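In: Return a 3D structure for these sequence lines:
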Amino acid sequence: MKKLFKIMAPVLVLVGGIVIVQVLVAAKPEPEKNEDETRLVSLYVDEVKSEMVTVSVKTQGEVRPKTEIDLIPQVSGRIVAMSESFSEGAEFLPDTMLLKIDDTDYRFAVIRAEAAVAGAQTQLERELATAEIKKDEWASGRQDQKPTQFALNLTQVAQAEAMLRSARADLNKARLDLERTEIRLPFRGRVRDRNVGIGQYVAAGTTMGRVFSIDRVEVRLPLTDTQLVELNLPLGYMSNDMVEAPVVNFKTALGEREFHWQGEIVRIDAAIDKETRLIYATAEVVDPYGLGATDGMPMAVGMFVAAEIEGVSEQSAFVMPRLALRGQDKVYVINADNRLEIRTVTVLSTSEARVLVTSGVAPGDRVVTSTLPNAVDGMEVEAISSQKRG
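Out: Modelled structure (predicted):
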């Protein structure tokens, strides 16, 4: 028995241990099951507002003179004098003599023409006196016959009058040619090019240089059809009053400084460019080298400038932050059920800060301004006002 007990004791201890472990495991309480709730995407939103806005558009163009001409003489001769104002880049005033052509031959022509006028005047007076004599002769001796115009010397008088008119016309032409030996212009301007010098012979019709007026300059501004609609201006627009004309703000950078000028839209082309499909508006700046200059810097011909055209009339639009616009015409709106709606809008104008639309949203709508890579229409989200940002 003792030998059997020694054999069975370890077995009983092992079996008892197993039973105790099983009892403890069975008595252990089951762990609580925690179900994780789905975490919603938090998005910043801004409210859509309705405003009356004046839209402006941005474009660019090159400054060019309103008036630019080739300087061409109407008479021939040798250049005997030249003004300092007739130098490349120089400024000249109205009626300033820029060039003088040798007028000796033209003064002689005036003298000959004056002599011809005197001779024609004398001939006319002679024919008039003869006509009076013949009239008296016919009245006293030949009353039975009706005299002809030639018999009364009236034909000769008419011829003498015509010759006098011709001589006077030649005199006026000679005096005009004499005046044309001095080259003057009726506007204030600048010299772009000069092709002649003192002592050079020039023929009538020869180009001596090129000049332009500085009273006004123009800038041709390309516009898309969308920009034209934004400005609320029609094709073929013409400004009748500079006060009511759309204002244009110009700027350009020279070195490290930025200069600004102001002008007005004076007209819009009545046709669309067939190659570029753009519409061109023409802006003018008055006295760009004088009162229109900024800090002494003129809006010079040939300068490339950026332009912002201000609208002339207010329009109703829905305003939202620029961040709300997705792509060309999409916005994300969070509805009353905190569900995401992807909407298509009609964009009126955009800037760095905001976007103006005319349809697709309503005042009070909450538009998403956060980045949302995988937007799904109808997904549930959490809206956070942008005023709480930061």
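In: Now do the nearest residue to Thr369 once chain neighbours are set aside against Ile384, distance only.
Out: Setting aside the residues directly before and after it, Thr369 is nearest to Leu323 in space (CB to CB, 6 or more residues apart in numbering), at 4.2 Å. Placement of C-beta: from N, CA and C, glycine included. Per CB to CB, to the nearest Å, Leu323 is found 14 Å from Ile384.
In: Please identify which of those two sits among more neighbours.
Out: Leu323 (17 against 14; other CB atoms under 10 Å).
In: can I assume Ile111 sits in a helix?
Out: Yes. Counting by DSSP: H, G, I helix; E, B strand; the rest coil, Ile111 is found in a helix.
In: returning to that earlier point: what about the residue nearest to Thr369, distance to Leu93?
Out: Distance from Leu323 to Leu93, by CB to CB: 56 Å.
In: what's the answer for Asp365, then?
Out: Counting by CB to CB, the gap from Asp365 to Leu93 is 63 Å.
In: What of Leu43?
Out: In terms of CB to CB, Leu43 sits 67 Å off from Leu93.
In: Could you count how many residues lie near Arg322?
Out: 12.
In: next one: Pro10
Out: 9.
In: Could you do Ala324 as well?
Out: 25.
In: Could you pull up the residues touching it?
Out: By CB atoms under 8 Å, 6 or more residues apart in numbering, Ala324 lies in contact with 46, 331-332, 355, 367-369.
In: quick one on the thing from earlier: and Asp365 and Leu93? which has more neighbours close in?
Out: Neighbour count, other CB under 10 Å: between Asp365 and Leu93, Asp365 has more, with 21 against 10.
In: I'd like the contacts of Ala324 laid out as TSV, including pLDDT, secondary structure and distance to Glu310.
Out: As requested, these are exported to TSV (pLDDT from 0 to 100; DSSP: H, G, I helix; E, B strand; the rest coil; distance: CB to CB, whole Å):
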residue	pLDDT	secondary structure	distance to Glu310
Asp46	92	strand	26
Val331	93	strand	26
Tyr332	93	strand	31
Val355	90	strand	18
Val367	93	strand	27
Val368	92	strand	31
Thr369	91	coil	27
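In: got those as a markdown table, with neighbour count columns?
Out: Below are those laid out as a markdown table (neighbours: other CB atoms under 10 Å):
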| residue | neighbour count |
| --- | --- |
| Asp46 | 20 |
| Val331 | 25 |
| Tyr332 | 22 |
| Val355 | 21 |
| Val367 | 27 |
| Val368 | 26 |
| Thr369 | 21 |
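In: Between these, which sits nearest Ser316?
Out: Comparing the contacts of Ala324 against Ser316 with CB to CB places Val355 closest, at 15.0 Å.
In: tell me the SS of the residue nearest to Thr369?
Out: Following three-state DSSP, the label given to Leu323 is helix.
In: I'd assumed Arg354 was in contact with it.
Out: No. Counting by CB atoms under 8 Å, Arg354 is not a contact partner of Leu323; they are 9.4 Å apart.
In: What residue spans form the domains of this protein?
Out: Using automatic domain parsing, the domain parsing of the chain gives 44-52+315-388, 74-101+181-214, 103-180, 215-310.
In: could you show me where the strands are in the stretch 101-250 of the chain, in order?
Out: Using DSSP state E, counting those that start in this stretch, the strands of the stretch 101-250 of the chain run over residues 182-183, 189-194, 201-202, 209-213, 216-223, 247-254.
In: Pull the distance from the fifth one to the chain's centre.
Out: Mean C-alpha position of strand 216-223 versus that of the full chain (CA atoms, centre = their mean, to the nearest Å) differs by 3 Å.
In: Adjacent strands (with direction) for that strand?
Out: strand 56-65 (antiparallel), strand 279-286 (antiparallel) (DSSP bridges).
In: Mind naming the longest strand for the chain?
Out: strand 257-268 (DSSP state E).
In: ok now the host helix or strand of Val319, how far from the chain's centre?
Out: Assessed by DSSP states H and E, Val319 sits inside strand 315-321. Distance, stretch centre to chain centre, for strand 315-321: 26 Å (CA atoms, centre = their mean).
In: Over to stretch 256-275?
Out: Distance of stretch 256-275 from its chain centroid, counting by CA atoms, centre = their mean, is 1 Å.
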